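Chemist: Take a look and give me a structure for this.
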Amino acid sequence: MSDPIVLAEGLHKRFGATRALRGLDLAVPAGTVCGVLGPNGAGKTTAVRVLATLTGPDAGRARVAGFDVVRDADRVRARIGLAGQHAAVDGRLTGRENLRMFGRLHHLTRRAARARADELLERFGLAAAADRLAGGYSGGMRRRLDLVASLILRPDVLFLDEPTTGLDPRGRTGIWDAVRALAADGTTVLLTTQYLEEADRLADQIAVVDHGRVIATGSPDALKARIGDHLDVVVADPAQAAATAAALATLPGARPAVEAGPGRFSVPVAAGAVRLAEAVRALDRAGVDAADVALRRPTLDEVFLSLTGRPAENTAPDAAPAAAR
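Modeler: Residues are numbered from 1 along each chain as shown. Take a look at the predicted model:
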């Protein structure tokens, strides 16, 4: 197998008293989409800033596209694109003027900058709005223009730091479509996100980051398989809650039942350890009238809860400064 196009080993970074990275390891194969998933304050943005040569690590090493991010920073920058959490386009210029300006800043000739701007506007569905001021674009269009600007030099690796934060569903879908198109062309995409659905839909590989470390990696399906299956039960009479929990606890490989609502239960079970027929028989023996029994794979939200001990949607930013996120 070829070497990873993005490789981080033992990265440490401190901002004052805040330890943003605490030995982060990451390996991203070329031509894939890697979703870096974690709550605010986990160290996702700091990791991107180190990999994109915007800040140096205190310890550890990293290579991008074959070059060390500290010793060969200029060579790394020539091979990457970066779109941060906030669109960097100039609202006083049109979409076309923005892209031409970025092309010139990257030392393209005027002719090459014009041609590249026109090509990207057409390819990513912005041609119709190309001559409107970017300040009048919707949030999703501004983010898409910002993403397109990061592609001026056809990067080997594109870093996207929470690109859909604050967007409505339509804007988010537009960014997802753009990321899929890039991946189909062979661009390696490293995408940080707080949205589990985003990681599940886009990523070939997910790295779960918590407290400055990668605590788990794998495909979405592989991560789900790690925590087993879930048995969901709905009972006709909520008064049978205790009897239901006791019956489900007798199943092989079952962990304590979680009451998901009145008369609703979700039980983590070892993968392949329980068949639906066994669950139905256990409930029948306990005299429980079950309205529905289903065996399913866990969601990525449940994976996150299992790995970090807290649900993704309820995580709050820690005391880290913005650069540490």
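
Chemist: Name the nearest residue to residue 104, ignoring sequence neighbours.
Modeler: Closest residue to residue 104 apart from its sequence neighbours, by C-beta to C-beta, 6 or more residues apart in numbering: residue 113 at 5.2 Å. Bear in mind the C-beta positions are built from the backbone N, C-alpha and C, glycine included.

Chemist: so where is this protein shaky, pLDDT-wise?
Modeler: The chain contains residues with pLDDT under 70 at 1-2, 85-87, 256-259, 271-273, 310-325.

Chemist: change it to 50
Modeler: Low-confidence segments of the chain, defined by pLDDT under 50: 1, 314-325.

Chemist: about what we covered before: residues touching the residue nearest to residue 104, list them.
Modeler: 99, 100, 102, 103, 104, 152 (C-beta atoms under 8 Å, 6 or more residues apart in numbering).

Chemist: Report whether the fourth one is found in a strand, as I expect.
Modeler: No. Judged by DSSP: H, G, I helix; E, B strand; the rest coil, residue 103 forms no part of a strand; its state is helix.

Chemist: unless I'm mixing things up, it is touching residue 117, no?
Modeler: Yes. Look at residue 103 against residue 117 with C-beta atoms under 8 Å: they come within range, at 6.1 Å.

Chemist: can you tell me how far residue 124 sits from residue 45?
Modeler: According to C-beta to C-beta, to the nearest Å, residue 124 and residue 45 sit 24 Å apart.

Chemist: Need the CA coordinates for the lengthiest helix in the chain. PDB is fine.
Modeler: Taking DSSP state H as the criterion, the chain has its longest helix at helix 169-184. The C-alpha trace of helix 169-184 is given here as PDB (Å, rounded to 0.1, in the frame of the first residue of the first chain):
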ATOM      1  CA  PRO A 169     -30.300  22.000   4.800                       C
ATOM      2  CA  ARG A 170     -30.300  23.200   1.200                       C
ATOM      3  CA  GLY A 171     -26.900  25.000   1.700                       C
ATOM      4  CA  ARG A 172     -25.500  22.000   3.500                       C
ATOM      5  CA  THR A 173     -26.600  19.700   0.600                       C
ATOM      6  CA  GLY A 174     -24.900  21.900  -1.900                       C
ATOM      7  CA  ILE A 175     -21.600  21.600   0.000                       C
ATOM      8  CA  TRP A 176     -22.000  17.800   0.300                       C
ATOM      9  CA  ASP A 177     -22.500  17.600  -3.500                       C
ATOM     10  CA  ALA A 178     -19.300  19.600  -4.000                       C
ATOM     11  CA  VAL A 179     -17.300  17.400  -1.700                       C
ATOM     12  CA  ARG A 180     -18.500  14.200  -3.400                       C
ATOM     13  CA  ALA A 181     -17.500  15.700  -6.800                       C
ATOM     14  CA  LEU A 182     -14.000  16.400  -5.600                       C
ATOM     15  CA  ALA A 183     -13.600  13.000  -4.100                       C
ATOM     16  CA  ALA A 184     -14.800  11.400  -7.400                       C
END
